[in-house]
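Student: sequence-free structure coming up:
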């Protein structure tokens, strides 16, 4: 799995969290914040209020790739198109609130316009400033149909309160672990790995910084130990928004700049 695909995963999770954080005590907001929602989006509300005693349900439709290209990338530097479904059981600021995110038809949330997602997420509010995100067979695939599948969980802990109505503009500390499988074109498993966050990742969600974590480290374990590696996002300990990482493997140490 490429580090760029990890960043696509971050973008999908943070976009979903951004939508949930904008839910109001009464239900679906009248207006959505446009940073991560892009320039082409419509909503189909199946159940828009909590007054009736059950969950709210809605689809967000970002149109086609052609419409996305005509409108340009969103403010967080991502292409988004396709449809995504949200089911939220109560006001998402309330501890214990849960949001199901279902991607049944391919949905793009990437710097690459042909990187598409399918699968499910479950977001659970565990404290006033923290959300656990369970990743359930979330797949990303490209135009050639090669797939990478993610399972596991990440916990997003907000470190700032610059804007309580949205995710963008805040700093987040991330912990957790993810199992990853990469498939060949004929749907055979090519590699499998376990990605464990050994030092909490710091994500600074603002222009120029949101492509990759600015600090923290991940241990990537493979059955073939020669492939296993540690990825350090801040080897110089300056928390710079430079997309620079250091990869340590058995056969040496390599420096790498993640593609924007």
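Tutor: Received the coordinates, thanks. Keep in mind that this is a model prediction, so the values were computed, not measured. Numbers count the residues shown, from 1 in each chain.

Student: So for stretch 127-144, what gets flagged as buried?
Tutor: By neighbour count on 16 or more other CB atoms under 10 Å, the buried set for stretch 127-144 is 129, 130, 131, 132, 133, 134, 135, 138, 139, 140, 141. Using the backbone N, CA and C atoms, a C-beta is placed for each residue, glycine as well.

Student: which one's the longest strand in this structure?
Tutor: The residue-count maximum for a strand in the chain (DSSP state E) belongs to strand 189-204.

Student: packing partners for that one?
Tutor: helix 3-21, strand 171-183, strand 215-222 (3 or more CB pairs under 8 Å, 6 or more residues apart in numbering; DSSP states H and E).

Student: Parallel or antiparallel, list what pairs with that strand.
Tutor: strand 171-183 (antiparallel), strand 215-222 (antiparallel) (DSSP bridges).

Student: How far does that strand sit from its chain's centre?
Tutor: 13 Å (CA atoms, centre = their mean, to the nearest Å).

Student: tell me the mean pLDDT over that strand?
Tutor: Strand 189-204 comes out with an average pLDDT of 89.

Student: Excluding chain neighbours, give the residue nearest to residue 225 in space.
Tutor: Closest residue to residue 225 apart from its sequence neighbours, by CB to CB, 6 or more residues apart in numbering: residue 250 at 7.0 Å.

Student: I meant to write residue 221 there.
Tutor: residue 194 (4.6 Å).

Student: in the stretch 1-150 of the chain, which segments are predicted with low confidence?
Tutor: 1-3, 34-36, 38, 143-145 (pLDDT under 70).

Student: ok, the spatially closest residue to residue 88 that is not a sequence neighbour to residue 249 distance?
Tutor: Nearest non-adjacent residue to residue 88, counting by CB to CB, 6+ apart: residue 99, 4.4 Å away. According to CB to CB, to the nearest Å, residue 99 and residue 249 sit 38 Å apart.

Student: bridging residues for residue 232?
Tutor: Under the criterion used (DSSP bridges), residue 232 bridges to residue 217, residue 246.

Student: and the nearest residue to residue 247 once chain neighbours are set aside, how many neighbours does it have?
Tutor: Take residue 247 and drop its neighbours on the chain: the residue closest to it by CB to CB, 6+ apart is residue 254, 4.7 Å away. The criterion is other CB atoms under 10 Å. On that basis, residue 254 has 11 neighbouring residues.

Student: can you list the residues that contact the strand or helix carrying residue 254?
Tutor: Assigned by DSSP states H and E, residue 254 falls within strand 252-257. Identification of contacts with strand 252-257 by CB atoms under 8 Å, 6 or more residues apart in numbering yields 3, 235, 242, 243, 244, 245, 246, 247.
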